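Engineer: here is the input, now give the coordinates:
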Amino acid sequence: MSERRIHVEDIARVEGEGRLDVELSDGEVLNVCFEVKEPPRFFEVFLVGRHYSEVPDFTARICGICPVSYEMASIAAIEDAFGFQPSEQTRDLRRLLAMSQWIQSHALHIYMLALPDYLGVESVFALASDPDNLPVVKRALSLKRLGNDITKLIGGREIHPVSARPGGFTDIPSRAALDEIARRLEAALSDARETVKLAASIVHSDKVPDFCPRCDHIALSSATEYAVSGANFASTGGLSAPLREFRSHIVEKHVPPSNALRSYLAASGKSFLVGALARVNLNFDRLSPGAREAAKEVGARFPNLSPYYGMIARALEIYHSIEESLAIIGRYSGVRETAEITPRASEGWGASEAPRGLLYHNYVFDESGIVQRANIVAPTAMNSANIEENLKALLPRWVSLPLEEITLRCETLIRAYDPCFSCSAHFLKLNIRQV
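Structural biologist: Below you'll find the predicted structure:
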């Protein structure tokens, strides 16, 4: 019996740290174990005993990539618990804040995390050193800068924004500042269209395997808009339910040796997918007109179950985010508002669509608005089981390839989900054992 083990240490271009163990024997896959190595962070426990007004700032610091989503889900759950309905202007500004995060995060993923896999380079720095690809890198940086600047304008700063609060905002932008952002958004539409073309050229090429696994895709869904927060959650399998029923349909399990909980459908016990692809599959007809037209131009058809199609979905959401942001700015009144929230003994449910997928928050408060219990389910916790199932399905196709190629293909599939295990810099340690 011969045995070989490969250690791929500190692979960048995904947020967090994990490991994939693959055991092969005579061309067969004996075992696949996708393991999240990040230590438990206990962010649900450290919320207990906190006043509701502190909770959005605490949860925004769970993640440096998508703090807006944590903040929005937290605020939604608090306002649900206390029976508060935000004004239309507050709701618009929150959507604009969410759109800014999608723009910057999707640009980061498409150009800097995923694209190097398909162009055969180690990182975006290699692309920047190539005169032919330098314009592509500049486009990525321009889109990311735009998203970050909108976050700073609405939220007070780029990372861990501070101005959004239950009931509204501590400060709101001026009309002049938003008009300047609108000019930049208009100019960015061409970059968004080129991003859709680039994503489609990759996904529709032979660089991507023909792989459409059958599983439910789950996202927030609304009959009137492209859902960002609040809303019911729905699935491509026909599920539609209010957030208060989330725990009746989604269960979490601890599957050793991974430190992360995994999510499964309660009815079937099967894994599922969340993220931009799930959102587009469930809400394609509510994308902005330009985004739908861009999809048509590149021959992108939805629904599509291939996880690799998430790159096109993210590109379409960049386009949608720019167009919706322009619409929000166009109707912005800039009237300063005050709102009072009265705490009560209650339970609230909230959710937002983070760049990487559905983010669920549930809080129980006492009569003074002090947190008694908190439950947070992050997108990657929902996707982890599905990533492992995808790898089990794909690895038999790859066993005859050189080990370096198997490694790259495993990494590429995992990166297609844009997972975020923590805010650290590295992700994958891959062990392949040949028996």
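Engineer: neighbours of Pro289, just the number please.
Structural biologist: A count of neighbours around Pro289, defined by other C-beta atoms under 10 Å, yields 10. The C-beta positions use only the backbone N, C-alpha and C, and glycine is treated the same way.
Engineer: now it: closest residue in space, sequence neighbours ignored.
Structural biologist: Nearest residue to Pro289 in three dimensions, chain neighbours excluded: Glu323, at 7.3 Å (C-beta to C-beta, 6 or more residues apart in numbering).
Engineer: and what of Ala266?
Structural biologist: In this structure, Ala266 finds its nearest non-sequential neighbour in Val251, 4.8 Å apart by C-beta to C-beta, 6+ apart.
Engineer: and for Leu243?
Structural biologist: Trp349 (4.0 Å).
Engineer: show me the contacts for the residue nearest to Pro289.
Structural biologist: 189, 288-291 (C-beta atoms under 8 Å, 6 or more residues apart in numbering).
Engineer: of these - the most surrounded one?
Structural biologist: Ala291 leads those on contacts (other C-beta under 10 Å) with 26 neighbours.
Engineer: isn't that one right next to Ala313, touching?
Structural biologist: No: using C-beta atoms under 8 Å, Ala291 is not in contact with Ala313; the gap is 10.1 Å.
Engineer: so the residue nearest to Leu243, which state does it fall into?
Structural biologist: strand (DSSP: H, G, I helix; E, B strand; the rest coil).
Engineer: quick check: bridge partners of it?
Structural biologist: Counting by DSSP bridges, Trp349 is bridged to Asn362.
Engineer: ok, now which ones touch it?
Structural biologist: By C-beta under 8 Å, 6+ apart, the residues touching Trp349 are 77, 80, 242-244, 246, 360-362.
Engineer: now the spatially most central residue of the chain, what are its backbone angles?
Structural biologist: In the chain, the centroid-proximal residue (C-alpha atoms, centre = their mean) is Arg356; its distance is 1.3 Å. Main-chain torsions, Arg356, degrees, to the nearest 10: phi -90, psi 0.
Engineer: ok, it - contacts?
Structural biologist: Going by C-beta under 8 Å, 6+ apart, Arg356 touches 66, 105, 274-275, 379-380, 383, 417-420.
Engineer: now do it against Ser105, distance only.
Structural biologist: According to C-beta to C-beta, to the nearest Å, Arg356 and Ser105 sit 8 Å apart.
Engineer: okay, and the common contacts of the two?
Structural biologist: Shared contacts of Arg356 and Ser105, defined by C-beta under 8 Å, 6+ apart, are found at Cys66.
Engineer: now do the SS call for the residue nearest to Ala266.
Structural biologist: Secondary structure state of Val251, per three-state DSSP, is strand.
Engineer: now swap in Gly238 and tell me
Structural biologist: With three-state DSSP as the basis, Gly238 sits in coil.
Engineer: that one: how many residues sit nearby?
Structural biologist: A total of 7 residues lie near Gly238 under the criterion other C-beta under 10 Å.
Engineer: quick one on the thing from earlier: I'd like the distance between the residue nearest to the centre of the chain and Leu97.
Structural biologist: According to C-beta to C-beta, Arg356 and Leu97 sit 17 Å apart.
Engineer: returning to what we had before: the contacts of Trp349, buried ones only, as a ChimeraX selection?
Structural biologist: Per 16 or more other C-beta atoms under 10 Å, the buried members of these correspond to this ChimeraX selection:
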select :77,80,243,246,360,361,362
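Engineer: find the nearest non-adjacent residue to Pro58, please.
Structural biologist: Residue 58: Phe, not Pro. Leu47 (6.1 Å).
Engineer: and that neighbour, what's its pLDDT?
Structural biologist: The per-residue pLDDT reported for Leu47 equals 93.
Engineer: just the one 3 residues further on next, same as before
Structural biologist: Confidence at Arg50, expressed as pLDDT, is 96.
Engineer: again, but for Ile65
Structural biologist: Ile65 is assigned 79 on the pLDDT scale.
Engineer: same thing with the one 10 residues further on?
Structural biologist: Note on Ile75: pLDDT of 97.
Engineer: what number of residues lie near it?
Structural biologist: For Ile75, the neighbour count with other C-beta under 10 Å is 28.
Engineer: for it, pull up the helix or strand it's in.
Structural biologist: Assessed by DSSP states H and E, Ile75 sits inside helix 67-81.
Engineer: give me the nearest residue to Leu395, chain neighbours excluded.
Structural biologist: Val29 (4.7 Å).
Engineer: give the buried residues for the helix or strand where the one you found lies.
Structural biologist: Secondary structure from DSSP H and E places Val29 in strand 28-36. Within strand 28-36, the residues that count as buried by 16+ other C-beta under 10 Å are 29, 32-36.
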